[in-house]
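Enquirer: Whatever this is, show me its structure:
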Amino acid sequence: MTEGACCTNVMNSGIRALVEAIHSTPTQSVLYLSGGASQAVAWLLSVPGASSTVLETVVPYSRMSMIQLLGKIPDKFCSQHTAEEMALLAYNRALKLSSPGSPVLGVGFTGSLATSRPKLGDHRFYLSTRTSDRLSVSTVTLSKGLRNREEEDMVASHLVLKAIANACKVPGTFVSDLTESEVPDECEKQFSEDEELEQLINGQICFKVYPFSSEPSVPIAERRIILSGSFNPLHEGHFKLLEVATSICGDGYPCFELSAINADKPPLSISQIKDRVKQFEKVGKTVIISNQPYFYKKAELFPGSAFVIGADTAARLINPKYYDGDYRKMLDILLGCKKTGSTFLVGGRNVDGVFKVLEDFEIPEELRDMFISIPPEKFRMDISSAEIRKKLGK
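Expert: The predicted structure follows:
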């Protein structure tokens, strides 16, 4: 065996060990890579356990593909800003695709490496990773003429793998293939909880999970069982309703969801959100903070989920009055929810002073299999957050 072959085998075994360590972490990732770092994808996917880590990989290689990914024409296709935007998009995509409660990572890479023709500009790439509380960026300018395209791609791939390992908190040292003159320009920004919530309210991130629950979820269950509400305050009725709904569903990850944006009120302030989150922390229950007040948008955000609602909410969902008086519009929107695999579990509630259950409403035939009744003998609790606030004088 030649010395070069020996070194290659050692490197391969080192890469494999690093990938195995990445796959052993709970972090789930989406990668958007343009212009290089293709070997990183091959390494991640060739080692058993890849489905634990890689949710999706997209290679927006053409100009039009990148424009469609970003939703605009970037000032520069290969730039730090574009890499950051790609990482943020990948992070939001990972949030939507990940298993409930899993930490997620978005990776953005854009490069201008060696090609079949000489380049006037630098051979350079930008790499960005985004987690819930951290944005990291690396800029690397390669020495022109030192490596061919395959070798430059290999260098970029090594650094992408290292960045993923760092984001997954995988310990260990990493030997760089860069020369002394190719020192990466690296920067990192850490976000406070307030900054994360501000990003949520502004629409930069689609939701934030507070995984306070210590209850084990069914490993193969990827869907969420979601009870949405204002939780002002959180009370025993909420716990009981979600518990009964979970027993009816049979599997899934039960959690609560609070929208920071209201349909007909100003957005919640950061302090209001944090105060309500504290309620869930005290009782050890997972809560998701989103920025979508409408159920058809929640269905897009959490596809395949079972939403737990009261009969009063069900009455509004199937009332054309809330769709500009247009029955067809109502039907189209709810059929859109159905296409995402969403279902609605309906518990009895007082509606205009009368206790009602799902069977009291005329559900359009096309939607009937999307609505599931929670029998009143399993759950009936007439208390509401509004009544509790009234009693407390709030």
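
Enquirer: Measure how buried the nearest residue to Val170 once chain neighbours are set aside is and give me the count.
Expert: Sequence neighbours aside, Ala21 is the residue nearest to Val170 in space, at 4.6 Å (criterion: CB to CB, 6 or more residues apart in numbering). For glycine as for every other residue, the C-beta is placed from the backbone atoms N, C-alpha and C. Neighbour count for Ala21, taken as other CB atoms under 10 Å: 15.

Enquirer: Next, the contact list for Ala21, please.
Expert: Going by CB atoms under 8 Å, 6 or more residues apart in numbering, Ala21 touches Ala165, Cys168, Val170, Gly172.

Enquirer: How about the secondary structure of it?
Expert: helix (DSSP: H, G, I helix; E, B strand; the rest coil).

Enquirer: Can you tell me which of the contacts of Ala21 is nearest Ser34?
Expert: Using CB to CB, Ala165 comes nearest to Ser34 of these, at 21.3 Å.

Enquirer: just for the stretch 1-150 of the chain, where's the confidence low?
Expert: 1-11 (pLDDT under 70).

Enquirer: Show me the shaky parts of the stretch 201-350 of the chain.
Expert: Ranges of the stretch 201-350 of the chain meeting pLDDT under 70: 215-221.

Enquirer: got the residue ranges for the helices in it?
Expert: 236-249, 270-283, 295-301, 311-317, 327-339 (DSSP state H, counting those that start in this stretch).

Enquirer: can those go into CSV with extra columns for mean neighbour count?
Expert: Below are the helices of the stretch 201-350 of the chain laid out as CSV (neighbours: other CB atoms under 10 Å):
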stretch, mean neighbour count
helix 236-249, 18
helix 270-283, 15
helix 295-301, 19
helix 311-317, 20
helix 327-339, 15
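
Enquirer: Which of the ones you listed sits closest to Ile67?
Expert: helix 295-301 (22.3 Å).

Enquirer: Give me the contacts around that closest one.
Expert: Residues contacting helix 295-301 (CB under 8 Å, 6+ apart): 96, 206-207, 226, 228, 257, 259, 290, 292, 305, 307, 309, 317, 333-334, 336-337, 340, 342, 344.

Enquirer: Give the PyMOL command for selecting the buried subset of those residues.
Expert: Paste this into PyMOL to select the buried members of the contacts of helix 295-301, with burial taken from 16 or more other CB atoms under 10 Å:
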select buried, resi 96+206+207+226+228+257+259+290+292+305+307+309+317+333+334+337+340+342+344
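
Enquirer: okay, which residue is most central for the chain?
Expert: In the chain, the C-alpha closest to the average C-alpha coordinate belongs to Leu95, at a distance of 0.7 Å (CA atoms, centre = their mean).

Enquirer: which residues does it contact?
Expert: Contacts of Leu95 (CB under 8 Å, 6+ apart): Val104, Ile205, Cys206, Phe207, Val209.

Enquirer: cool, and Asp177?
Expert: Taking CB under 8 Å, 6+ apart, one finds Met154, Val155, His158 in contact with Asp177.

Enquirer: and what of Pro103?
Expert: Counting by CB under 8 Å, 6+ apart, Pro103 has contacts Pro26, Thr27, Gln28, Thr131, Ser132.

Enquirer: Those in strands, which ones?
Expert: Judged by DSSP state E, the contacts of Pro103 include Gln28 as members of strands.
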